[in-house]
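[1] Sequence first, then the predicted structure, then my questions.
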Amino acid sequence: MMNLLMFVLVSLSPRAGEISPRLEGILSELPPEGRVLAWVDLTGEGKVPDAWVEEIAKTGARVRVRSEWLHSVSVRATREQLEEIASLPFVLELSPVARFRRTEPMPSRPPPLPKFPPGRALYGPSFLQLDMLGVPELHDMGLTGLGVRIAVFDAGFDTSHPAVRGLKIIAFRDFVRELADDTLDASPTFRGNDHGLAALSVLGGHEEGKLIGPAYGAEFILARTENTSWEWPLEEDAWIAAAEWADSLGADIISSSLGYSRWDDGTGYSPDDLDGDTPRITRAADEAARRGILVVTAAGNEGTLICPGDGDSVITVGAVDEDLEVAPFSSRGPTSDGRIKPDLAALGVEVLAAWTDPAGPTYRRVSGTSMATPLIAGLSALILQAHPHWSPTQVREALIRSAHRALSPDCDVGWGVPYGPSALKAEGTLYGRVVDDQGRPVQGAVLRLKVGEETMETTTSPQGWFLFREIPRGRYKLDVWCPFYVPYTTYISLPEWDEILLGLGRRCSPPPCLVCSPNPVGEDGAVFSFPLYGKRKATLKLFSPSGELVWSRELRGEEATVRWEGKNAEGRPVANGVYLCVVEVGGRRMATKVGVVR
């Protein structure tokens, strides 16, 4: 019994914490008295015990941040101190605190003369950036962000500018000053540079005739998380500490416009790490979302995605110009695990923002995803005011379903630029994809939804996406049909916040004749399908009632399926009426009448 007891005691003895290879590489080049920033991961989960923090501090290391979310503390310590910390029985692993540098957006020029329609003069030259999102219409409904609490993380805030002087700022905290020590430059004033002022004004500024932000009626929590006087201006533990502080104050939204694109020497993350799970700052952002905070963050300004924009629960924002084209500097996805990023986009080229020149307060045009981000955060606040019960996931989904690329998302602009009035009605939408049994998108599938006495119909996009709008709550029958696939029927209950994935099984035999679906053809176009009779070439022609050739297509391949957008050869929509479609396959001719009704 004695030997058995000794064996059990040895097997349960604490194991020393490990120093990660990245941290080991940094320590190998550290001078004897040099200090580094490191995360200390602790055993268990939940609240970090005070006694453990005291034990870590006894090593002589400076404890900077205690993260309850990640069950970790960050320290600044020498190699000897870190080795002593690693030997503590409650320590799992030590790894470096990531430090970032970003590309600074620059003001380009004073704003031009304002352009706005009658009745919109109060927006001044900021009208365009709001109109793209449908914000003026939401303001007309009385939505200004009232009752919504927004935390803004940036490099400092000049709250004396007329555009932000009247904002409801309920708390401010300078994490840069709190975390500074003798190894760093003294922290400058909380005002920092103009970046924070610009972002705050784009989000919630209000000076009639000059600049209006989407959420000027909201409450604001301001956190200074970056010191622009340092070579590496942000340390990720400051961002995480700010997020946990904002949660303690009841924040509904975090707007983080700090777009980081470069990592310091070995402490940061590689592109392969941006998988939504590896970066600590991303894990903290996802935890914020789990706790009910909508996190809106910039995609970055140098082509490659940055964290925490790789998080699957955050809204990552790219930048477009006034023609909805992606800005050259806007970072693209995907994440390293293949997900689409960014999620949404807003104007990020020459956005009107408050600025301070030597002569005093003024306004400038500023570019960057860091200016597109507060626009989306402000729009989100209006949606939350109207639907305070919606979760962060539901707000994100509502914006996605309202966006201009909802049926064709990509890694340039994600699902595109959202439209606020449509997002308000997201509970009446049905959104999803149709795929085959290999998971590949099915283009041109026809979906019919029976709503009362009416049948709603749409077809899938080239990527297989579909979207129904303005459907009352209830349970509905959904039929899916596509040439070369087995028809599929299911039942859907609304509201449905999940994206529906519908799988179609292949069938061996093609349709026996020329088929047009839907017929008559509406705004979404139609799909023609027909047998090939063993041939690999077919010609399809569409004629008007007068016999004029309207549109034609030559097809080569194994499947005879042709999508028609309802337009003529010049790309203009055809008139309503009855048309004749003729297909020639290996000397055989098939024909059918096609109606067009819009």
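    That came in fine, so what should we check first? Residues are numbered from 1 along each chain as shown.
[2] how much space between D131 and S408?
    The spacing between D131 and S408, counted by Cβ to Cβ, to the nearest Å, is 23 Å. Where you see a C-beta, it was placed from the backbone N, CA and C, and this is true even at glycine.
[3] So between the two, which is more surrounded?
    D131 (17 against 12; other Cβ atoms under 10 Å).
[4] Pull out the buried positions in stretch 561-570.
    561-562, 564, 566 (16 or more other Cβ atoms under 10 Å).
[5] Next: stretch 462-478.
    Neighbour-count burial for stretch 462-478, counted by 16+ other Cβ under 10 Å, picks out 464-468, 471, 476, 478.
[6] Straight-line length of that stretch, end to end?
    20 Å (Cα to Cα, to the nearest Å).
[7] How far away from the center of its chain is that stretch?
    23 Å (Cα atoms, centre = their mean, to the nearest Å).
[8] So what touches that stretch?
    Identification of contacts with stretch 462-478 by Cβ atoms under 8 Å, 6 or more residues apart in numbering yields 401, 406-409, 422, 425, 427-435, 440-443, 445, 447-451, 456, 458-460, 489-495.
[9] and which of the buried residues of stretch 462-478 is nearest R120?
    Of all the buried residues of stretch 462-478, R120 sits closest to L467, with 29.3 Å by Cβ to Cβ.
[10] so how far is G474 from the closest one?
    18 Å.
[11] And V550, by the same measure?
    The value you get for V550 to G474, if Cβ to Cβ is used, is 40 Å.
[12] can you check E287 too?
    36 Å.
[13] Quick check: end-to-end length of stretch 354-364?
    End-to-end span of stretch 354-364 (Cα to Cα): 6 Å.
[14] got any ranges where the protein has weak pLDDT?
    The chain contains residues with pLDDT under 70 at 1-16, 101-116, 181-193, 228-234, 258-268, 507-511, 557-560.
[15] Would you map the helices across it?
    For the chain, the helices defined by DSSP state H occupy 2-11, 21-28, 50-57, 79-86, 127-131, 135-140, 175-179, 194-204, 236-248, 280-290, 369-386, 392-402, 420-423.
[16] Tally up the residues packed near V550, please.
    There are 18 residues near V550, going by other Cβ under 10 Å.
[17] Wait, it touches L580, no?
    No. At 9.5 Å, V550 does not count as touching L580 under the criterion of Cβ atoms under 8 Å.
[18] any common contacting residues for those two?
    Common neighbours of V550 and L580 (Cβ under 8 Å, 6+ apart) are 542-543.
[19] Reformat the helices of the chain as JSON lines; add distance to P512.
    Shown next, in JSON lines, are these (distance: least, Cβ to Cβ, whole Å):
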{"stretch": "helix 2-11", "distance to P512": "72"}
{"stretch": "helix 21-28", "distance to P512": "64"}
{"stretch": "helix 50-57", "distance to P512": "75"}
{"stretch": "helix 79-86", "distance to P512": "74"}
{"stretch": "helix 127-131", "distance to P512": "52"}
{"stretch": "helix 135-140", "distance to P512": "50"}
{"stretch": "helix 175-179", "distance to P512": "70"}
{"stretch": "helix 194-204", "distance to P512": "60"}
{"stretch": "helix 236-248", "distance to P512": "61"}
{"stretch": "helix 280-290", "distance to P512": "52"}
{"stretch": "helix 369-386", "distance to P512": "50"}
{"stretch": "helix 392-402", "distance to P512": "38"}
{"stretch": "helix 420-423", "distance to P512": "41"}
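[20] do you know which of the ones you listed lies nearest G586?
    Proximity to G586 (Cβ to Cβ) singles out helix 392-402 among those, at 44.3 Å.
[21] Not counting that closest one itself, show me its contacts.
    If you take Cβ under 8 Å, 6+ apart as the criterion, helix 392-402 is touched by 289, 292-295, 313, 315, 343-344, 376, 379-380, 383-384, 387, 390, 406, 414-415, 418-424, 426, 429, 431, 467, 497, 499.
[22] List the buried residues of it.
    By 16+ other Cβ under 10 Å, the buried positions in helix 392-402 come out as 392, 394-402.
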